[in-house]
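> Predicted model, plus sequence, below.
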Amino acid sequence: MLIKPTASFKGEIQIPGDKSISHRSIMFGALADGLTEVTHFLQGADCLSTISCFQKLGIAIDNTPERIVIHGKGLHGLRPPASVLDVGNSGTTMRLISGILAGQPFASTLTGDASIQKRPMNRIIKPLQEMGAVLTSQYKNGCAPFTISGSSLHGIHYSSPVASAQVKSCVLLAGLYADGRTSVTEPSVSRNHTELMLSSFGAHISCQQTTVSVLPDPVLTGQKIEVPGDISSAAYFIAAALLVPNSEVLIQNVGVNPTRDGFLRAAKAMHANIIRLNERTVSGEPVCDLLVTSSDLTGTTVEGDLIPALIDEIPVLAVMAAFAQGTTIIRDAAELKVKESDRIETIAANLKNMGADITATDDGMIIHGGRPLHYAAIDPQADHRIAMSFAVAGLCAEGGVQIQDAECVCISYPEFYQHLQSLCS
């Protein structure tokens, strides 16, 4: 896929539904009594993997362009799968569904693609084993494929070494099947979509500072859910509008949950021109429209509690930093190493190939911005967020960029390139 430079970036766009919320709508709808109706669902490969897994667990799910309808069977209504549950490339599916399966009275085997089989699962295996779950990694390496055998679970208070919504959600979902209260304490607050949505379905959730607790065996009731636009997907269009001269873009219906809006806060620190319009609440989530115009960006430092709120947006933030004046330091982001690719190395290698001054560190990177970037062939390592981030770089670099394995964006944003080109002029 060749991305050519553009003179301006203008127009209006409504981005696809939030990936995290789309996943959870299927899972929680399956565990609820009655129908759950979901609109603006993300039809990306990862979320379709979640649908497939729950269909194999005996849940009828109607998928139409207008809406998803989940025919929930209640907390104890799942059935043993007749085959292995394949999550594809979806770490969210694998980690969250593991919590649910840990409390079932049957055994399940989970697998995924080559990338997912390298991603660390000990971070969920450990707390689930503490709760009494029986998990066996096929290759004894703490990775998929692994089998979860049905067992009686105990409520625990788990102190997570990482701020991870996937780990937190896995433990809380297992807690629905435990014999008492289950709590998770994180080093800082990660995205809270599970807490908000589970509460709306009827679960008993309490939050105090960085600790979240759930009581077992709730009666969950089907809901109507309108999924807001994914701020992670919006980030690419925000970055393009900021970087390309003579640009103005209105991005409609963007979820701006405070546990997810770290990219907006970092962009503001870089002197980005972003205005929030039409602020409202949709299905319990804060939403607004974002008006973005070209900006003279400056370097900043991104670290600490901000990292969990923008971990998925760091690749495109790094692209912004390469074009900004001054130095940007990103630290406390070692989690980037265990995403779909080692994002620290992948970002650094591709930006260096474009002429950027960037140094990878153990937990982030240092970018001395302002150097002109030039054409390069970009290898995203099959990582959708790397491909989309460097497509943005191509809009501003001399000669553009060639994205290899460009179709990897289908994991989260199948229409990405069409939408990007529709705003170029």
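Perfect, I can see it now.
> so where's the stretch 101-250 of the chain uncertain?
Within the stretch 101-250 of the chain, no range satisfies pLDDT under 70.
> Spell out the residue ranges of the helices in it.
With DSSP state H, counting those that start in this stretch, the ranges of helices along the stretch 101-250 of the chain come out as 122-130, 165-175, 193-201, 231-243.
> Reformat those as CSV; add mean neighbour count and distance to Ala393.
Glycine gets a C-beta too; all of them are placed from N, C-alpha and C. Below are the helices of the stretch 101-250 of the chain laid out as CSV (neighbours: other C-beta atoms under 10 Å; distance: least, C-beta to C-beta, whole Å):
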stretch, mean neighbour count, distance to Ala393
helix 122-130, 19, 31
helix 165-175, 27, 28
helix 193-201, 22, 29
helix 231-243, 26, 8
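> okay if I get these as CSV plus distance to Glu303?
CSV is the format used below for these (distance: least, C-beta to C-beta, whole Å):
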stretch, distance to Glu303
helix 122-130, 22
helix 165-175, 19
helix 193-201, 24
helix 231-243, 18
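> Next one, pLDDT for the closest residue to Ile70 other than its chain neighbours please.
Distances taken as C-beta to C-beta, 6 or more residues apart in numbering place Gly29 nearest to Ile70, at 3.4 Å, with adjacent residues excluded. On pLDDT, Gly29 comes in at 98.
> Strands along the stretch 251-400 of the chain, start to end?
273-282, 285-293, 301-302, 326-330, 357-361, 364-369, 374-378, 398-403 (DSSP state E, counting those that start in this stretch).
> Please work out which of these is packed deepest.
Each of the strands of the stretch 251-400 of the chain was scored by mean neighbour count; the highest is strand 364-369, a mean of 22, by mean count of other C-beta atoms under 10 Å.
> Name every strand pairing with it and say which way it goes.
Taking DSSP bridges as the criterion, strand 364-369 sits next to strand 326-330 (antiparallel), strand 357-361 (antiparallel) in its sheet.
> Can you say which of the ones you listed is nearest to Pro145?
strand 357-361 (31.1 Å; C-beta to C-beta).
> show me where the stretch 1-150 of the chain has strands.
2-3, 10-14, 33-39, 60-63, 68-73, 85-86, 108-111, 134-137, 146-149.
> could the ones you listed be laid out in CSV, adding mean neighbour count and distance to Ile156?
Converted to CSV, these look like this (neighbours: other C-beta under 10 Å; distance: least, C-beta to C-beta, whole Å):
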stretch, mean neighbour count, distance to Ile156
strand 2-3, 18, 48
strand 10-14, 16, 42
strand 33-39, 18, 27
strand 60-63, 14, 32
strand 68-73, 21, 27
strand 85-86, 22, 25
strand 108-111, 21, 21
strand 134-137, 16, 15
strand 146-149, 20, 17
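> related to what we said a few turns ago, pretty sure the residue nearest to Ile70 is touching Gly72, no?
Yes: at 5.3 Å, Gly29 counts as touching Gly72 under the criterion of C-beta atoms under 8 Å.
> what do those two both touch?
Counting by C-beta atoms under 8 Å, 6 or more residues apart in numbering, the residues touching both Gly29 and Gly72 are 36, 222.
> mind listing what the residue nearest to Ile70 touches?
Gly29 sits in contact with 36, 38, 70, 72, 222-223, 225, where contact means C-beta under 8 Å, 6+ apart.
> Next: Glu313.
With C-beta under 8 Å, 6+ apart, Glu313 has these contacts: 231-232, 235, 262-263, 266.
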